[in-house]
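S.K.: What shape does this take:
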Amino acid sequence: MRRLLLCALFLTSFARCAAAQRLLPSSLANWAASGNPAPAQTMPDAQLAAFREYGYVSSESQSYRSGDATIDVTVQSFKDPSGAYGAYSYQLTPDLKRAEITEHSSISPGRAVVLVGNLILDVRGNDIAAHQADLKALVAALQAHAQSGPLPDLWRHLPMKGFVERSDRYILGPQTLNQLFPVGLGDALGFSKGAEAELGRYKIAAHDATILIADFPTPGIATQQLAELQRQFNVNGSRPSSAMPPLFAKRTLTLVAIVSGASSQSDANALLDQVQSGTQLTWDEPTFQFKEPSIEMMVAGAIVGTGIICGFALVAGLAFGGFRVFIKRLLPGKVFDRGTQLEVLQLGLASKPIKAEDFYGSIGTTPGGTSVDKNLPDRIALRIFR
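M.R.: Numbers count the residues shown, from 1 in each chain. Alright, predicted model coming up:
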């Protein structure tokens, strides 16, 4: 009985946790949930590989019914908004047009894809465009669970002339790149070194071309990766004898732009010349501008400096001497010339011991009347004051 009770408590706690983690609401305006939320259906291997590079976490699906109408809603969760933005761009198809649900939302008659922070809302059904108000209500419910943050803006560097609308894709890994770019570059682009890329399709000179813009942490890494691409692929004619399709590339500070599908260098330059880096490198360390003074100023400065030093030495000497004389007159034998407190270290080189009175007694005589030779020519002593 006790085990059954523990199992019941465990299942209740598990159900509460599952309900707390549930993203999709049980009802939505005139729509009621049909069945319980379930994990999303298995996605194709190629999509799953791309999603993993974007930081895919999990998915949740729920069907809603309103009268005879039914919609299937899937919420895809990612580690951060940047990865969700990349997965959102990955799922765009030509029939999906820009919508007004959120800043990044697309809609077609049978599908809507909406970016909400680190979540992607994928709605499928009949005449989805007629239910945009309900979709906005669903987005508002999901925002409480979504993680907000800045989104990548690498798309701003894409050229405008000849751009195919809604063809831009944000890329964070080699497997996604190989699916979207005509030439399989793999990790030669440098994703392992912190690169991120943006891809766009163009119409130039009656040809379909694709431009890939990769942004690197530093200009040095960008230079190294461009050299690596030239070594492995036919970039800017680096391997003209190979059967590889030609690629045309250009580096601008931390950006490396690569064009595929151009028939000539001039056609590729029509796109490459439009790619400009918005990064500005500045040297903010303070600099010292040394200007050598004239010889006249150096001589005058030396004379003035010497005079100042001499004046300071004179004033300091007079001040010290005057202070000493003043104290000796005010307190004779109390501070300076204290003969009774003098000790003499003797080397024993003379037969007659040296007495302190020899230095500070009366002139010519000691207090006892004994004459004192003040010159002491045969004595060597070291005076130490206490």
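S.K.: What is the burial count for the residue lying closest to residue 188 once chain neighbours are set aside?
M.R.: Excluding its sequence neighbours, the residue lying closest to residue 188 (Cβ to Cβ, 6 or more residues apart in numbering) is residue 232, at 5.4 Å. Every residue, glycine included, has its C-beta placed from N, CA and C. By other Cβ atoms under 10 Å, the residues close to residue 232 number 14.
S.K.: Same check on residue 147?
M.R.: Residues near residue 147, counting by other Cβ under 10 Å: 14.
S.K.: how far away is residue 327 from residue 320?
M.R.: 11 Å (Cβ to Cβ, to the nearest Å).
S.K.: And the strands in the stretch 101-250 of the chain, which stretches?
M.R.: Listed in chain order, the strands of the stretch 101-250 of the chain (DSSP state E, counting those that start in this stretch) span 105-108, 111-116, 119-125, 169-171, 196-204, 207-215, 247-252.
S.K.: ok, back up a step: more neighbours, residue 327 and residue 320?
M.R.: residue 327 (13 against 10).
S.K.: what's that one sitting at in phi/psi?
M.R.: phi -70, psi -40 (degrees, to the nearest 10).
S.K.: how near is the closest residue to it other than its chain neighbours to residue 328?
M.R.: Using Cβ to Cβ, 6+ apart and skipping the chain neighbours, the partner closest in space to residue 327 is residue 335 (5.1 Å). From residue 335 across to residue 328, the span is 7 Å (Cβ to Cβ).
S.K.: Name the residue in those two with the higher neighbour count.
M.R.: Neighbour count, other Cβ under 10 Å: between residue 335 and residue 328, residue 328 has more, with 14 against 11.
S.K.: Spell out which helix or strand contains that one, please.
M.R.: helix 295-330 (DSSP states H and E).
S.K.: Then residue 95?
M.R.: Counting by DSSP H and E, residue 95 is part of no helix or strand.
S.K.: hang on, isn't it packed against residue 108?
M.R.: Yes. Between residue 95 and residue 108 there is a contact at 4.5 Å, judged by Cβ atoms under 8 Å.
S.K.: quick one, which of those two is more surrounded?
M.R.: residue 108 (16 against 12).
S.K.: and the more buried one, bridged to which residues?
M.R.: For residue 108, the beta-bridge partners are residue 111 (DSSP bridges).
S.K.: which ones are touching it?
M.R.: 93, 95, 96, 97, 128, 129 (Cβ atoms under 8 Å, 6 or more residues apart in numbering).
S.K.: Kindly report the same for residue 139.
M.R.: Going by Cβ under 8 Å, 6+ apart, the list of residues near residue 139 reads 101, 102, 114, 116, 121.
S.K.: Need those residues in TSV (columns: neighbour count, pLDDT and distance to residue 39).
M.R.: Formatted as TSV, the contacts of residue 139 follow (neighbours: other Cβ atoms under 10 Å; pLDDT from 0 to 100; distance: Cβ to Cβ, whole Å):
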residue	neighbour count	pLDDT	distance to residue 39
101	22	92	25
102	15	93	25
114	24	96	20
116	25	95	19
121	24	94	16
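S.K.: can you map out the helices along the stretch 1-150 of the chain?
M.R.: 2-20, 45-53, 81-90, 132-143 (DSSP state H, counting those that start in this stretch).
S.K.: Can you spell out which helices and strands pack onto the second one?
M.R.: Going back to what we said before, that points to helix 45-53. helix 81-90, helix 174-180 (3 or more Cβ pairs under 8 Å, 6 or more residues apart in numbering; DSSP states H and E).
S.K.: mind giving me the domain ranges of the protein?
M.R.: 21-143, 154-272, 297-330, 337-386 (automatic domain parsing).
S.K.: Would you single out the least confident of those?
M.R.: Of all the domains of the chain, mean pLDDT reaches its minimum on domain 337-386 (a mean of 54).
S.K.: gap between the nearest residue in space to residue 234 that is not next to it in sequence and residue 251?
M.R.: The shortest distance from residue 234 to any non-neighbouring residue, by Cβ to Cβ, 6+ apart, is to residue 244 (4.2 Å). As defined by Cβ to Cβ, residue 244 lies at a distance of 20 Å from residue 251.
S.K.: go on, residue 242?
M.R.: 22 Å.
S.K.: do residue 223 as well
M.R.: For residue 223 relative to residue 251 (Cβ to Cβ), the value is 6 Å.
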